[in-house]
Structures are given as C-alpha cells and as structure tokens.
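**Student:** Got a sequence here, can you build the structure:
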Amino acid sequence: MRPSWRGLAPFLFIFCFASTARAAGPFSAVSGAIWFQGACPEAAQKGRDVCAQDRVGTKGPATYLDVLKQAYPNLKPDGGAADSKKPRAEFGGFSGETGASGSPLAKGEILHFLKVQDGDSLRVLTLQEGTGLLAYVQVEPALKLLDLVSIAQDQHVSLNADLGVIPVRAGEFVFLANNWHFNSSEAFNIYNLFLAGPERVSLVYDGPFLYGFALPERPECRLGQRMKPLQAMPTRHEGVSDLLFRVEEERVCQGKNREIVSGRRHFEAKLYWEKGKYMGGSRELHLLNNCRTEGKPGCG
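**Tutor:** Alright, predicted model coming up:
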C-alpha cells in the first residue's frame, strides 16, 4: 500500500461545533450522521445526528431527505437503495468504478453531513462513507445541487467539523475530510483539505498523513497521532487566509487500572495559498511516518 497521508482511527468519529464571526454575518458549522425512518428518533438523539425528515434550516421547508435527493433523486424516506447522479470529478481514486457510473446508496449505509451557515447562505455537504461520494448542496436562499464529486482514498471516509471549518474569503470556506482504515496492530488516516466555493468543491491540500501502531516490544502499548483543530492565521496569500495545522503524538500503555500516557511530541506547519492550492507542511512528520510505514529501524 502506498504510504500517503494516513493516521489513527480511534480519533475519527467526533462531530462538533465550530463558529466565528465576520462582517458578512455569523458563520457556524455542525456535522453528524443522517438517519432514516426506523432508526429515528432514537439514533438522532446521539450527539448532533439528525433524521432525514428533519428540517435543515429555519426559513424554508427543506429537509435532509430533500438535500440527499439532490444527489440521489429516487431515494425513499426509509433510505431505500438509490443510484446517485454521476460525479463531476474523482479526487480520491479509491473507487474509480463508482466515480464513472455513480454510487448506489445501500440501505443502512452511513451518511455524514456538514451544515454551514454563512450569513444568509445555508449550505450542506453530504458524504457517503463507503464510496466517498460528496454532494455540495445550497439550501438557502434556494435548494439546488452545486457540485457532486468522489473523494475516497481508503476504505472509509468521514467529515471533521471538529477539526475546523474555516471561512477563508467571502463566501468560501475550507473543511477537512478523513479517509481511514485500521487492522489489528496499525491505523492509517489521510486528511484532505477541501475548498467549498460558490459553485464547486476543490481539493486544495492532501495531508497530513498520520500513522498509529502497537509497539512490537510492548504489546500493551501503542503509539498514536491525532490532528488538532486547524487555525486561521492573520496573514493571507492571494487573498486567502493562511492556516496552521498541528499534530500531537503520544505513547499510551495500559496499566493495571488505567491508561498511562507518556512521550508526547508535537508537529506543526503553516499552510499558505499559492495558485489555487495550499502549500507547506511538516517535513519532519512526513519523513518520520514514511520511515515507520516502510519498517526501517531507528525512525524515532
């Protein structure tokens, strides 16, 4: 397997709220999972999950089912199987066949959402975890599909509002998606940064790659890495906000009564905008994880 930007699964399924304020109006983002008839309302009471029949905003009647039907026109209220429209672009490469013909939605498959309120604009991203099909839908002022792309780079993919949904210029924001898988002793995660523009979603940064593993010499211990929330910086390049990403690594051992954390280290890097992409990154983290995944001795 090509060691790309990958990392640790135990830190994945967290859906939180982030907000800031701008002159153009309040900005907020929330993410969770969408549940259909039969699984609601009990499942939707967990965290920020919602029911498909719930209204998305406060001004109009559009529901999450209405949003999903922008990508899956024949989708039933109970989540019955439906084929998607054909994606405009394939950013991931993991599910090439579905990228060419559209992704069937299996009943019971996990659907993530990311809802972003930006002044008078309300937009929702929905993500099919198994195939990486990402729909970008405007809800207010009028319901319409803006873009449909495929972003899968690994077995699972989910959204990460807790790690930062950041407005970078008027009407545009960046958000993170994470592709991941794990086996008995290793965990891999690819973080990708996307720009949601007025009409399209673009991949603007591939990374970082995080890696976790059980320590061979001490099976009760593991080494894990996790992303910290992205931070917008006061500086700009080409009118787009610079970003700071940080990664925390720690060693965790299972003691008699509790887990013991030791050996913390941190990596950080400034990302700056150049010709439609974010540039920069932590060379130290990149080389370290490549060394580890290749099984070389003395990686650190």
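**Student:** shaky segments in the stretch 101-250 of the chain?
**Tutor:** Judged by pLDDT under 70, the stretch 101-250 of the chain has its weakly predicted residues at 101-102.
**Student:** Swap in 90 and give it another go.
**Tutor:** In the predicted model of the stretch 101-250 of the chain, residues 101-110, 129-131, 152-156, 160-164, 178-190, 207-220, 223 satisfy pLDDT under 90.
**Student:** residue ranges of the helices in the stretch 201-300 of the chain, please?
**Tutor:** Under the criterion DSSP state H, counting those that start in this stretch, the stretch 201-300 of the chain carries helices at the ranges 283-293.
**Student:** right, and residue 241 touches residue 172 too?
**Tutor:** No: counting by Cβ atoms under 8 Å, residue 241 sits too far from residue 172 to count as a contact (10.0 Å). C-betas here are computed from N, CA, C, even on glycine.
**Student:** which of these two has more neighbours?
**Tutor:** A side-by-side neighbour count of residue 241 and residue 172, using other Cβ atoms under 10 Å, places residue 241 first with 20 against 16.
**Student:** Which strand residues bridge the more buried one?
**Tutor:** Beta-bridge pairing for residue 241 (DSSP bridges): residue 236.
**Student:** what about stretch 91-110, start to end distance?
**Tutor:** Across stretch 91-110, the straight-line distance between its terminal residues is 20 Å, by Cα to Cα, to the nearest Å.
**Student:** Please apply the same query to stretch 42-58.
**Tutor:** Terminal-residue distance, stretch 42-58 (Cα to Cα): 22 Å.
**Student:** what does it contact?
**Tutor:** If you take Cβ atoms under 8 Å, 6 or more residues apart in numbering as the criterion, stretch 42-58 is touched by 15-17, 30-37, 40-41, 61-68, 77, 79, 113, 115, 117, 122, 124, 139-140.
**Student:** go on, stretch 270-277?
**Tutor:** 168, 193, 202, 204-205, 233, 235-245, 278-281.
**Student:** try 7 Å this time
**Tutor:** Residues outside stretch 270-277 that contact it (Cβ atoms under 7 Å, 6 or more residues apart in numbering) are 204-205, 233, 237-238, 240, 242-245, 278-280.
**Student:** next one: that stretch to chain centre, how far?
**Tutor:** 19 Å (Cα atoms, centre = their mean, to the nearest Å).
**Student:** mind listing which of the contacts of stretch 42-58 are in helices?
**Tutor:** Secondary-structure check on the contacts of stretch 42-58 using DSSP state H: residues within helices are 64, 65, 66, 67, 68.
**Student:** All set now, cheers.
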